[in-house]
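Undergrad: coordinates for the following, if possible.
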Amino acid sequence: MTTSESMVYRVVPKCACSSIGQIMYFSDHGEFFDGDIHDATSGLHKWAIDDSQSLIADNVTTHRSYAFTCVRNPYTRILSSFFDKICGIQRNGRRYRGNLVPQIIQKYGIEVGGEDGKQEFDQIRSFRRFLLFARDTIRFRRPMDPDIHWSPVASHVSTFIANGGRYDHIFWTEKFNDGMQGVLDAVETPKPVDLAAIPRFNESEGHGPKRAHPVEDYFDDLSMHLVYEIYKKDFLLFGYDPQDPSNKMPVREIDLTEVHAKLGD
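TA: Okay, the predicted model is just below:
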C-alpha cells in the first residue's frame, strides 16, 4: 500500500511486481527506490513490515482505497520461474533457497547450466522435469511446500479476498500499460505519474540463461496436461488459453464478480 493510502496492491510474484512496486513508490515520492523494491523497508507499507500490518488490514477491510492486482499467463510464468529461480544465480550471488536446486538436480535429474547458470544444457528436457517437481510441490506438498514463484496466481489472489478484501481491478501483465494506466486514472496520487516515461523494472532479468526456444517448444502434450492440472483456475478465471502455449495473450475478459465468487470460499 502506498504511504498516502492512494492504492492497495496484492503482490503476485512473477507478474510485473517490481515495476508496480516502483510505480507506487514513485507516485508518493516523485522518485524511484534506489535498488530492488522488494528490499525497501520504508516508503511503502508492506505486510512484511510489522508497523504496516494494522494500517493495511484496516484499509483493506473497510475498502478505503482502490485495490488491484496483476496476473500472468501460466505458461510464461512457470517458464520464467524456471530460468530465474532454478537456473539463475540470485542477486546475493548464491542459488535460490540454498539446497533447493541441488535437491531438484538429484531427485528429478535436471540440469541448470553449470555452476554459473551460463553453460549450455538441454533446456526443454530439464524444464519438463522441473514441471514435475512444481506439480509435486503444489498437488502433494512434496518434497516441499510450493514456492511463491510457481504457486498458482489464483492462490495468491484469493488470500486478499479471504481476508476481507475486494478488488477494484485485475489486469494482465501482457497488457501492462493499459492495465496500470487504468489504476492511475482511478486514483489521486501525491506525485504525477507519466506511465510512458516509467522504465520497466525486471529484477529477475539476467539471473539465469536466456531462453533458447519459443515458449511452445517447452510444452509437449504431457506438459500441457500438467500445466492445466496445476493452473486450471488461472486459465479459467483470468482468461488465458490452455490449448495454445504460443499465445500468451488473454482470450477473454476477467469477470471480477466471478473471481470474487470462485476465490472467496
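Undergrad: how about stretch 166-179: buried residues?
TA: Within stretch 166-179, the residues that count as buried by 16 or more other Cβ atoms under 10 Å are 167-174, 176, 179. For the C-beta atoms, the positions are set from N, CA and C on the backbone; glycine is no exception.
Undergrad: stretch 78-97 too?
TA: By 16+ other Cβ under 10 Å, the buried positions in stretch 78-97 come out as 78-89, 95-96.
Undergrad: out of those residues, which two sit at the greatest distance?
TA: 78 and 89 (19.8 Å; Cβ to Cβ).
Undergrad: quick one on the thing from earlier: looking at the buried residues of stretch 166-179, which are in helices?
TA: The helices, defined by DSSP state H, take in 176, 179 from the buried residues of stretch 166-179.
Undergrad: so which of the buried residues of stretch 166-179 comes closest to residue 63?
TA: residue 168 (8.5 Å).
Undergrad: quick one: the helices in this structure?
TA: Using DSSP H, the helices found in the chain span residues 17-29, 50-62, 74-81, 100-108, 123-140, 153-162, 176-186, 221-238, 256-263.
Undergrad: and those helices, which is most packed in?
TA: Compared across the helices of the chain, helix 74-81 shows the largest average neighbour count, a mean of 23 (mean count of other Cβ atoms under 10 Å).
Undergrad: contacts for that one next, please.
TA: Contacts of helix 74-81 with the rest of the structure, by Cβ atoms under 8 Å, 6 or more residues apart in numbering, involve 14-15, 127, 131, 134, 147, 149-150, 152-153, 204, 211, 215, 218-219, 227, 230-231, 234-235, 240, 242, 245, 248.
Undergrad: in the stretch 101-250 of the chain, where is pLDDT below threshold?
TA: Low-confidence segments of the stretch 101-250 of the chain (pLDDT under 70): 203-207.
Undergrad: rewinding a little: pull the most distant pair out of the buried residues of stretch 166-179.
TA: 168 and 174 (20.0 Å).
Undergrad: so which of the buried residues of stretch 78-97 sits lowest on pLDDT?
TA: Looking at the buried residues of stretch 78-97 by pLDDT, the weakest one is residue 89, with 85.
Undergrad: for the closest residue to it other than its chain neighbours, give its distance to residue 95.
TA: Counting by Cβ to Cβ, 6 or more residues apart in numbering, the nearest residue to residue 89 once its immediate chain neighbours are dropped is residue 117, at 5.4 Å. From residue 117 across to residue 95, the span is 9 Å (Cβ to Cβ, to the nearest Å).
Undergrad: kind regards, and thank you for your time.
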